[in-house]
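Enquirer: What follows is a predicted protein model with its sequence.
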Amino acid sequence: MKLFFHRLIPIAALLAAMGAFACSPYTYQPIRSGENWPDDRGEHINAHGGGILVHDGTFYWYGEHKSENTSRALVGVTCYSSKDLVNWKYEGVALSVSDDPESEITRGCVLERPKVIFNRKTGKYVMWFHLELKGKGYSAARSGVAVSDSPAGPFTYLGSDRVNPGIMAENVTEKDLAYFDALPETPKEWTPEWLTAVSKGLFFKRDFEGGQMARDMTLFVDDDGKAYHIYASEENMTLNIAELSDDYLSHSGRYVRVAPAGQNEAPAIFKRNGTYWMITSGCTGWAPNAARLFSAPSIFGPWKQHPNPCRGDQSEITYGGQSTYILPVPGKKDLFIFMADIWRPRHPIDARYIWLPIQFDADGTPYLEWMDTWNIKEYCIYFRKMRKKKLD
Ligand code: GAL
């Protein structure tokens, strides 16, 4: 017995050392969706409706700061950094709400689903978010933009607006727009006739001059460096995918309507083997519903809908969560992390996170399965390489 332990201890020590040197020992921590996720200060991460920027071997997680009793923005957009996706350092408030009551982002506004991308040409970090003006409910439906010279901020707020005023979407036809003009009266809401009218552009046409509504949103940077703003428009009935300008600070004017009258929110998108995949939710506020899956051969479509990508228990409510972002883990082909929020509207600060690796069918169709825990240690190899490259 004694002999056995003598042999075992050096082997165990060797294995531990290999683990410690192979990559950060922290990467052995599993991801536990739905639980409390402490940051480097021991506080539950407060970055909801968020997204992740990968830059120079570091992950930056941006999200909505939520308070004890309200989902309105009392602080702003927070930022956390990590080398391994499990240990997060609080970097502070990247974009602060303003103390000026006249500011569009005054404390008490609704500032949701911030996403940050890096512009290689300008060297700037650009943040877009959904903005609702204080005291106006969800009627403003604007997109806000802010910019910074460093990833953790501080970001400078540039302004907000509806999207692409006076500009026609690429996939709207005159015939579509004439459809509801020919109707004797606007059909009653939620009737099949009304849904058809919405899908033909009832709200699109209404908002044409002032710009399209933009609520739940994400950003996507394609391989050619072009960036896209994907948002719930037309009273949350239709998604839009709009190209950003070269500096990412405005819209280029190119955009399409996607899934008209389909009522999609919470878009999250990724590209694999030349196909664009998008996961969205339905529109039931903070309550979870079934996720939807779409694919397209080009960012501008045509987009095709597939069955719910979630499988197993609670797949009809996305395991209690709502999509917010899909992170392709660099250097690790086929690791795409599906990120979602489990909202707690009565105690918003305690909202939780779901992170699951996207799996793929034999034909390449993505799907999700709940995992109590999963470990990303295999993916640390990329970061070891990045660190080595930096030292060289
Ligand atoms: C959800 C949306 C959230 C937030 C919420 C407000 O559907 O995804 O970002 O806007 O509604 O009720």
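Expert: Happy to help now that I have it.

Enquirer: Give me the secondary structure label for the closest residue to the ligand within the stretch 201-350 of the chain.
Expert: Using C-beta to the nearest ligand atom, the single residue of the stretch 201-350 of the chain nearest to the ligand is Gly285, 3.9 Å away. In this view, the C-beta of every residue, glycine as well, is placed from N, C-alpha and C. Local secondary structure at Gly285 is given as coil here, using DSSP: H, G, I helix; E, B strand; the rest coil.

Enquirer: tally of neighbours for it?
Expert: Per other C-beta atoms under 10 Å, the neighbour tally for Gly285 reads 10.

Enquirer: which bits of the protein sit near the ligand?
Expert: Residues of the chain lying close to the ligand (C-beta under 6 Å from any ligand atom) are Gly49, Glu112, Arg113, Asp216, Glu265, Ala266, Cys283, Gly285, Trp286, Gln322.

Enquirer: Which residue, neighbours along the chain excluded, lies closest to the second one?
Expert: Of all residues not flanking Glu112 in the chain, His130 sits nearest, at 4.4 Å (C-beta to C-beta, 6 or more residues apart in numbering).

Enquirer: With the fifth one instead?
Expert: In space, and not counting its chain neighbours, Glu265 is closest to Asp216: 4.3 Å by C-beta to C-beta, 6+ apart.

Enquirer: Can you name the residues that contact that neighbour?
Expert: Applying C-beta atoms under 8 Å, 6 or more residues apart in numbering, we find Asp216 in contact with Glu112, Arg113, His130, Tyr231, Ala232, Asn236, Glu265, Ala266, Pro267.

Enquirer: circling back to that earlier point, which one of the residues of the chain next to the ligand has the most neighbours?
Expert: Gly49 (30 neighbours).

Enquirer: so that residue is in which element?
Expert: Applying DSSP states H and E as the criterion places Gly49 in strand 48-55.

Enquirer: Could I get the buried residue list for the next helix or strand after that strand?
Expert: Using DSSP H and E, the helix or strand that follows strand 48-55 in sequence is strand 58-64. Using 16 or more other C-beta atoms under 10 Å as the test for burial, strand 58-64 gives Phe59, Tyr60, Trp61, Tyr62, Gly63, Glu64.

Enquirer: Go through those residues and say which is closest to the ligand.
Expert: For those, the minimum distance to the ligand (C-beta to the nearest ligand atom) is 8.3 Å, reached by Glu64.
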